[in-house]
Every structure is written in structure tokens, then in C-alpha cells.
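J.: my questions concern the predicted model and sequence given below.
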Amino acid sequence: MTHFLDIHTTDAADLRAMIDSARAMKTARNNRPKGTPDDDQPLAGRMVALIFEKPSTRTRISFDVGVRQMGGQTMVLSGADMQLGHGETIADTARVLSRYVDLIMIRTFEEATLQEMAEYASVPVINGLTNRTHPCQIMADVMTFEEHRGPIAGKKVVWSGDGNNVCASWLHAAGQFGFDFTFTGPEPLDPERVWIDFARAHGSDVKITRNPEEAVAGADLVIADTWVSMHDPQSARERRHNQLRGYQVNEALMARAKPDALFMHCLPAHRDDEVTSAVMDGPHSVIWDEAENRLHAQKAVLRWCLGV
């Protein structure tokens with residue numbers, strides 16, 4: 001079964017093929033009138049279940065639109081709709097869904113939920129996000145960088161802030177796509193050691209520094225993400241702001257990167273917290289291309305999973 005669960009568990013050659021496929025589909029769409037379906041309809045007659053235990057804007061819309069553009073249909077389900085893992089085991093839900101649909105995309109909290117879904121499903125499963133990783137986002141991000149600056153291999157990518165699930169998938173990508181990665185943030189929020197070790201074992205030069213100015217020197221790409229989750233209590237929000245205030249990406253920090261460095265943020269952003277509006281709306285920012293490319297990258301992931 002061809003699941004897309006994480007970047008580090010997917011063959012590097014397959015990841016590259018998906019990026020190339022995404023760019024080709026984007027180019028083809030740009031050459032057609034807006035709103036028209038893809039000429040190629042590889043998902044015609046296919047039904048895709050989109051499961052959201054965790055709320056979403058970009059993931060939901062991009063997967064829904066992508067499936068429809070390729071001729072398929074979607075069934076959007078919330079955790080409340082399914083009572084996933086409560087009234088019925090995840091394994092049994094996976095078995096039942098596999099009798100109805102051709103592919104399952106799940107955006108959930110616990111990585112174990114994703115893994116159990118994939119273990120018992122007899123159709124492909126895509127990781128739309130867990131608390132631990134976010135591979136679809138990074139596929140779009142790599143695609144975006146290469147649109148603007150060419151191959152990402154050998155480049156310096158800098159993450160400023162919290163070593164969260166998006167940061168984890170960036171470390172996976174560092175190993176699989178061959179770029180170097182620097183993390184700057186407070187020690188309690190360092191990314192998991194296992195992900196650092198993976199990137200290093202695959203040839204990436206991974207550095208950790210507490211000094212953001214030192215970190216971004218010579219950077220080709222600077223990335224930030226929200227300091228707080230939508231589910232964090234107020235006490236946690238205040239603590240995170242105190243921990244991370246010194247790691248805000250602002251114009252002064254971007255000035256220390258390469259003159260043509262890019263800035264990315266997976267969104268939603270808290271303007272003037274983790275990044276200033278001047279950077280988000282400035283000449284280094286490619287956040288809107290990044291958001292759009294979720295659509296194209298995920299279409300490539302869907303096709304790869306289904307072999308179409």
C-alpha cells in the first residue's frame with residue numbers, strides 16, 4: 001500500500017518525482033482559463049475521505065479543490081462526525097472506510113492515530129498533519145523555494161522559533177533533499193533529537209544556535225511559524241511569548257540573511273508576533289505562493305499514492 005505518512009519514510013526519488021509532477025500540473029493549469037478542470041482527470045470515479053480531527057483552512061480547501069480538479073469527489077468528515085477512536089476503534093474505522101473510499105487523508109492530533117489508520121486501511125492514507133509532523137506542507141515549501149531559486153540542494157535553511165511539527169518535517173526534508181538546516185530558538189523548544197539525527201545521518205549539516213542573528217547569516221531561506229497552537233491555554237500562550245520574543249523574524253533579522261533570501265510561513269500567522277507585517281508583505285516573502293502550492297503539491301501526492 002502506497003501511503004504518504006512522512007517525508008523521512010518516503011523514498012527520496014519519489015519525493016523528487018512528486019515535486020516535478022506538482023510543477024508540471026501547476027504550469028498546465030496556468031495555461032488554461034481559470035476555473036476549468038484539469039485536462040487530465042486521473043481521479044475520475046474516485047472518492048477521497050478527508051478527515052479533520054483538527055480544524056483546518058489550507059489543508060481542507062487545498063485537498064478538496066485538488067481532488068475535484070482531477071475529477072474525483074470528496075467526503076469531508078470531522079472528528080465529531082466519526083467519534084474517531086471513541087465509539088469505534090481507529091482500526092475498525094479504517095477497515096470500514098476502506099470499503100467505501102479510494103483514499104483517506106487524515107489531519108489529527110496523535111501520530112499513533114495516523115499510524116493505526118494506515119496499518120489497518122486497505123487504501124492509501126495521507127498524513128494531513130499530526131502533532132509531530134506536517135509533510136504535505138514541506139512538499140509545498142520545497143516546491144516554492146525551487147520555483148524562485150532553483151534546486152534546494154546545498155542551500156542554507158534557517159528555522160527561527162519553536163521546533164514543532166513543521167520544523168520536524170523540514171529536518172526530514174533536509175536529509176531527503178540535501179540542504180543544510182539551522183535551528184534557532186530556546187533550548188526547551190528544540191526539535192526532537194531523532195529528527196536532527198536523521199538529517200545528519202543523511203548528509204545534512206544541522207546546527208543549533210541560540211543567537212538568531214548568527215543563525216541567519218548567509219541564509220537562503222528563513223522560516224517562522226506561530227508560537228502558539230489554537231488549543232494552547234492562555235498560560236501556555238504567555239509562556240511561549242516570553243520564551244520566543246527574541247526570535248521574531250523582522251526586517252533587521254532578514255537583513256542579516258543573503259540579499260536574495262526568501263521568507264516562508266505555513267500560515268496562519270500572528271502578525272507582529274513571530275514575524276512582522278513588514279517581512280510578511282515585504283520583498284523576501286513568498287508566503288502566498290507557498291499557500292497556493294499546497295494545492296499543486298498535494299495533487300502530486302494524491303496521484304503518487306493512487307499510482308495514476
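T.: On my side now, so go ahead.
J.: in the stretch 151-300 of the chain, what spans have low per-residue confidence?
T.: Residues of the stretch 151-300 of the chain that meet the criterion pLDDT under 70 lie in 230-232.
J.: what about the helices in it?
T.: If DSSP state H, counting those that start in this stretch is used as the criterion, the helices of the stretch 151-300 of the chain fall at 165-177, 193-201, 212-216, 234-244, 251-254, 277-280, 287-306.
J.: against which helices or strands is the last one packed?
T.: Yep, that's helix 287-306 we're talking about. Applying 3 or more C-beta pairs under 8 Å, 6 or more residues apart in numbering; DSSP states H and E, we find helix 287-306 packed against helix 12-30, helix 58-69, strand 103-107, strand 125-129, helix 135-149, strand 262-265. (C-beta placed from N, C-alpha, C; glycine too.)
J.: what about 10 Å?
T.: With contacts taken as 3 or more C-beta pairs under 10 Å, 6 or more residues apart in numbering; DSSP states H and E, helix 287-306 sits against helix 12-30, strand 47-52, helix 58-69, strand 103-107, strand 125-129, helix 135-149, strand 262-265, helix 277-280.
J.: do the third one as well
T.: Contacts defined by 3+ C-beta pairs under 10 Å, 6+ apart place helix 212-216 against strand 156-160, strand 180-184, strand 206-209, strand 221-224, helix 251-254.
J.: let's see that with 8 Å instead.
T.: strand 156-160, strand 180-184, helix 251-254.
J.: check the first one too.
T.: Counting by 3+ C-beta pairs under 8 Å, 6+ apart, the packing neighbours recorded for helix 165-177 are helix 12-30, helix 135-149, strand 156-160, strand 180-184, helix 193-201.
J.: quick revisit: out of the helices and strands packed on helix 287-306, which comes closest to residue 291?
T.: Judged by C-beta to C-beta, the one of the helices and strands packed on helix 287-306 that comes nearest to residue 291 is helix 58-69, at 6.0 Å.
J.: which SSE is immediately downstream of that closest one?
T.: Downstream of helix 58-69, the next assigned helix or strand under DSSP states H and E is strand 73-78.
J.: quick one, that next one and helix 58-69 angle?
T.: 160 degrees (axes from the mean of the first three to the mean of the last three C-alpha atoms, to 10 degrees).
J.: just the buried positions in strand 73-78, please.
T.: Of the residues in strand 73-78, 74, 77 count as buried by neighbour count, 16 or more other C-beta atoms under 10 Å.
J.: which strands or helices does it pack on?
T.: Secondary-structure packing of strand 73-78 (3+ C-beta pairs under 8 Å, 6+ apart): strand 47-52, helix 58-69.
J.: chain neighbours aside, what residue packs nearest to residue 69?
T.: Using C-beta to C-beta, 6 or more residues apart in numbering and skipping residues adjacent in sequence, the residue nearest residue 69 is residue 38, 5.1 Å away.
J.: surely the one you found forms part of a strand?
T.: No - in this structure, residue 38 is coil, not part of a strand, as judged by DSSP: H, G, I helix; E, B strand; the rest coil.
J.: so it touches residue 27, yeah?
T.: No - the criterion here is C-beta atoms under 8 Å, and residue 38 misses it with residue 27 at 11.9 Å.
J.: more neighbours: which of these two?
T.: Legend: neighbour count by other C-beta atoms under 10 Å for residue 38 and residue 27, higher for residue 38 (17 against 10).
J.: so what pLDDT did the more buried one get?
T.: Among the per-residue scores, residue 38 shows a pLDDT of 82.
J.: one more: residue 33?
T.: Looking at residue 33, its pLDDT reads 85.
J.: circling back: let me have the helices and strands packed on helix 287-306 in CSV, extended by distance to residue 75.
T.: Listed next are the helices and strands packed on helix 287-306 as CSV, based on distance: least, C-beta to C-beta, whole Å:
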stretch, distance to residue 75
helix 12-30, 23
strand 47-52, 5
helix 58-69, 10
strand 103-107, 10
strand 125-129, 14
helix 135-149, 19
strand 262-265, 30
helix 277-280, 35
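J.: now for residue 138: which residues touch it?
T.: 7, 166, 169-170, 172-173 (C-beta atoms under 8 Å, 6 or more residues apart in numbering).
J.: neighbours around the residue lying closest to residue 186 once chain neighbours are set aside, how many?
T.: The shortest distance from residue 186 to any non-neighbouring residue, by C-beta to C-beta, 6+ apart, is to residue 243 (4.8 Å). Using other C-beta under 10 Å, residue 243 has 17 neighbouring residues.
J.: relative to residue 131, how far out is residue 243?
T.: Separation of residue 243 from residue 131 (C-beta to C-beta, to the nearest Å): 19 Å.
J.: since that was my last question, I'll sign off now.
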